[in-house]
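Participant: fold the following and give me the result.
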Amino acid sequence: MLARAHRNRVTVAEAAPTPLSAWATAATLPTPDGRDVADEPLWAASSVPVGAAVDPDLLERDEAYAATLLREFNAITPENALKWGPIHPSPHRWHLDPADRLVEFAEAHRLRIHGHTLVWHRQLPDWLTPTPSRRAVVQALASHVETLVGRYAGRIAAWDVVNEAIADDGRLRNTCFLRACGGDYIADAFRLAHAADPCARLYYNDYGAEGRGRKSDAVYALLRRLLDDGVPVHGVGLEMHLRGTRPPEPAAIASSVARFVALGLEVRISEMDVRIRSVRRGDPLALQRRVYHDAIAACVAIPGFAGVTFWGVNDTHSWIHREFGKDAPLLFNGDYAPKPAYFGARDALAAGRKATAPSGPSVQPEEKPDQK
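Facilitator: Next comes the predicted model:
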């Protein structure tokens, strides 16, 4: 196990937080023209939190983005604002303003916050990516985790502590953390996060574990070892970046979720989108609706499933365009009109709520202040 390092002193470089009044109009913006969102929004259809990955700059400059977020979701995940490179660009300098603004916004509108991500092999600052000494990595990890989790203790409800530590071949991914410290860095990160905020729910997050196979087996084995060693890990995030042409079978998804739940872990869909650019036959949007519906339905049917987050609000701003080419992977199109995928997701969430509802008088989700 890595020794606990003393937290380095840091210099925080940040602008004054944006006043909450600057965000206030987002809650009362009119619904964009041409929408066909009947009945209840996504969050109200669901028995579990329904979130979206969020960009603070878009919240400020795109009124329809903010309005759609507040109408449809009751949870947010900062898409990039909490990642190591953007928020901790040099050893003793922090850029905390974007994250602070998102936390203030979420608190003002009663949105649950899921922190993403403390330890990942991508979007790292240049000062950390060369292979440093074990001591340097231990100190950097302690400073980073303690500073962020401590700063938002009691405000950010859950964290993706370690992200994508398993490679596609099932072995630990070759990262600067692994090269310097061996596999102990994973347990150490969870212990550091728990010490900084004992009330936060701590997650391991990865892609490729939503079905069954070598990657899923490796993630399961890692989490089982961590739990056996008494490491404070509370849940697993299944990213669910899916291809419409080759989605996992619903039965495989349900099986994977069930075995993680059997370990005593919470399970959530953490970064969902469905790519359809390679669909050559039939209606791509109808296929996308079915993939969203079937994957979510397989999860919400399992007791212990803890929520779903979509990796963005609308197609225009999805990360998919940069990584895989132009696509239409999310629930809302570029004009914030709901796509068939929206209704597929909402139908699955609503069916899950009905299946898990207690007998007796109907139980309605708690009303958000902006939904009155």
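Participant: burial count for residue 287?
Facilitator: The tally of other residues near residue 287 (other Cβ atoms under 10 Å) stands at 19. No exception for glycine: its C-beta is placed from N, CA and C like everyone else's.
Participant: pull the contacting residues for it.
Facilitator: Contact analysis of residue 287 by Cβ atoms under 8 Å, 6 or more residues apart in numbering lists 244, 276, 279.
Participant: that's a helix at it, yeah?
Facilitator: Yes. Judged by DSSP: H, G, I helix; E, B strand; the rest coil, residue 287 forms part of a helix.
Participant: separation between it and residue 46?
Facilitator: Distance of residue 287 to residue 46, computed by Cβ to Cβ, to the nearest Å: 23 Å.
Participant: likewise residue 301?
Facilitator: Residue 301 is 13 Å from residue 46, by Cβ to Cβ.
Participant: so for stretch 197-204, mean pLDDT?
Facilitator: The pLDDT scores in stretch 197-204 average 98.
Participant: quick check: mean pLDDT of stretch 101-118?
Facilitator: 97.
Participant: buried sites along that stretch?
Facilitator: For stretch 101-118, a neighbour-count test (16 or more other Cβ atoms under 10 Å) marks 101-106, 108-109, 111-118 as buried.
Participant: check stretch 299-309 too.
Facilitator: Buried, per 16+ other Cβ under 10 Å, within stretch 299-309: 299-302, 304-309.
Participant: with only the CA atoms kept, save it in PDB.
Facilitator: Written as PDB, here are the backbone C-alpha positions of stretch 299-309 (Å, rounded to 0.1, in the frame of the first residue of the first chain):
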ATOM      1  CA  CYS A 299     -30.300  -1.800 -15.600                       C
ATOM      2  CA  VAL A 300     -33.400  -0.300 -13.800                       C
ATOM      3  CA  ALA A 301     -34.800  -3.800 -13.400                       C
ATOM      4  CA  ILE A 302     -32.000  -4.700 -11.000                       C
ATOM      5  CA  PRO A 303     -32.400  -3.700  -7.400                       C
ATOM      6  CA  GLY A 304     -29.300  -1.700  -6.500                       C
ATOM      7  CA  PHE A 305     -29.100   0.200  -9.700                       C
ATOM      8  CA  ALA A 306     -28.300   3.800  -8.700                       C
ATOM      9  CA  GLY A 307     -28.800   6.200 -11.600                       C
ATOM     10  CA  VAL A 308     -28.100   7.100 -15.200                       C
ATOM     11  CA  THR A 309     -26.000  10.000 -16.600                       C
END
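Participant: contacts for that stretch next, please.
Facilitator: 46-53, 75, 77, 114, 235, 238, 253-254, 257-258, 261, 265-272, 296, 345, 348-349, 351-353, 355-356.
Participant: can you turn the buried part of the residues you listed into a ChimeraX selection?
Facilitator: Of these, the buried ones can be selected in ChimeraX as follows, counting by 16+ other Cβ under 10 Å:
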select :46,47,48,49,50,51,52,53,75,77,114,235,238,253,254,257,258,261,265,266,267,268,269,270,271,272,296,345,348,349,351,352,353
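Participant: can you list which of the contacts of stretch 299-309 are found in helices?
Facilitator: Counted as lying in helices by DSSP state H, out of those, are 253-254, 257-258, 261, 296, 345, 348-349, 351-353, 355-356.
Participant: pairing partners for the lengthiest strand in the chain, with directions?
Facilitator: Among the segments of the chain that qualify as a strand by DSSP state E, the longest is strand 266-275. Sheet pairing for strand 266-275, assigned by DSSP bridges, gives strand 235-238 (parallel), strand 241-243 (parallel), strand 305-310 (parallel).
Participant: turn those strands into a markdown table, columns for distance to residue 169 and mean pLDDT.
Facilitator: Below are the strands paired with strand 266-275 laid out as a markdown table (distance: least, Cβ to Cβ, whole Å; pLDDT from 0 to 100):
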| stretch | distance to residue 169 | mean pLDDT |
| --- | --- | --- |
| strand 235-238 | 19 | 98 |
| strand 241-243 | 18 | 98 |
| strand 305-310 | 27 | 98 |
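Participant: would CSV of these with distance to residue 219 be doable?
Facilitator: Listed next are the strands paired with strand 266-275 as CSV, based on distance: least, Cβ to Cβ, whole Å:
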stretch, distance to residue 219
strand 235-238, 7
strand 241-243, 15
strand 305-310, 16
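Participant: and residue 71, which of these is closest to it?
Facilitator: strand 305-310 (14.0 Å; Cβ to Cβ).
Participant: quick check, distance from the helix or strand that comes right after the closest one to the centre of its chain.
Facilitator: On the C-terminal side of strand 305-310, the nearest following helix or strand under DSSP states H and E is helix 320-324. Centroid separation between helix 320-324 and its chain, computed with Cα atoms, centre = their mean, to the nearest Å, is 18 Å.
Participant: and helix 320-324, what does it pack onto?
Facilitator: strand 266-275 (3 or more Cβ pairs under 8 Å, 6 or more residues apart in numbering; DSSP states H and E).
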